[in-house]
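**Q** Okay, predicted coordinates and the sequence, questions at the end:
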Amino acid sequence: MAKWSFLYTNSVFRKLLNSEREENGDPNSFHLKLGAEGYRIQSRVLRIPTRWGAFSSGPYALQAYEGSQLALLFFYILLWFIYVLPALALANWIGLCSVGLTWITSRAIAFMIACYWLGMIFDPRRSNPRFHDTRLQPGWREQHVQDRLRQLSLRQRELNLWLRRNALEREKLQLEKEYRMDLQQKIEKDVLDKGRESVLQDMIDIMQSTASSKSH
């Protein structure tokens, strides 16, 4: 068993194999993120209905459970690439068998994903009444609503900060534009004033040269 101990001490494997709940009873944050992001991709990108998908909109404990099952799928795929694929490559090299590594890998991963997806669709723990009865404490609906409101409040605060930052940037750009226009006008005025002075000076020089020529 010692040679397999790294599966439980390695940070990546440990994060994938952790329970869907923390020690204090809260949903595992990593699995919760996996479940929430999976639902976002499933509903907004792939447009798959929740009934036929592997993820749901909540509550958080259910999303953490769904995320833990996705993490388990990632764990099996990693095991395939770490152990099974090198073993098949070695078997091909020494002549024990002759299989297409790309072909068998694609089929194996497709089979794992199909089994995972069907298992999640028909998973009895994802049936809302049973899940709520067995995994959630009384008052979970109020807590869920409060969590959603807290998320919306944080999102609104982020949007307000973003709008305020944009307003400051626009004000800064407007001030820079006004400064450049004032500077340009000042330069043009200085050029015109210097032009008039040079013309007057030329006229004075011409008049003085004409008067001196007449006196001679």
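**A** Received the coordinates, thanks.

**Q** could you pull out the helices for the protein?
**A** Taking DSSP state H as the test, the helices found in the chain are 6-9, 11-17, 29-40, 60-79, 85-94, 101-121, 128-135, 140-215.

**Q** Return the helix or strand in this structure with minimum mean pLDDT.
**A** helix 128-135 (a mean of 46; mean pLDDT, DSSP states H and E).

**Q** Which stretch among the helices of the chain approaches R47 most closely?
**A** Nearest to R47 among the helices of the chain is helix 29-40; the distance by C-beta to C-beta comes to 11.9 Å. The C-beta positions use only the backbone N, C-alpha and C, and glycine is treated the same way.

**Q** For the closest one, which helices and strands make contact with it?
**A** helix 60-79 (3 or more C-beta pairs under 8 Å, 6 or more residues apart in numbering; DSSP states H and E).

**Q** Quick one: mean pLDDT for the helix it packs on?
**A** Average pLDDT, helix 60-79: 87.

**Q** With stretch 172-188 instead?
**A** 82.

**Q** any chance of the helices of the chain in CSV, plus distance to I48 and mean neighbour count?
**A** Shown next, in CSV, are the helices of the chain (distance: least, C-beta to C-beta, whole Å; neighbours: other C-beta atoms under 10 Å):
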stretch, distance to I48, mean neighbour count
helix 6-9, 32, 11
helix 11-17, 24, 14
helix 29-40, 10, 19
helix 60-79, 13, 20
helix 85-94, 29, 12
helix 101-121, 10, 13
helix 128-135, 18, 12
helix 140-215, 22, 10
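
**Q** L152: what's it in contact with?
**A** If you count contacts by C-beta atoms under 8 Å, 6 or more residues apart in numbering, L152 has none.

**Q** I121 and T50 touch, don't they?
**A** No: using C-beta atoms under 8 Å, I121 is not in contact with T50, being 10.2 Å away.

**Q** Low-confidence regions, this protein specifically.
**A** 1-25, 127-141, 143-144, 191, 193-216 (pLDDT under 70).

**Q** again, only using 80
**A** Within the chain, the stretches with pLDDT under 80 are 1-28, 58-59, 97, 125-148, 150-151, 154-155, 183-184, 186-216.
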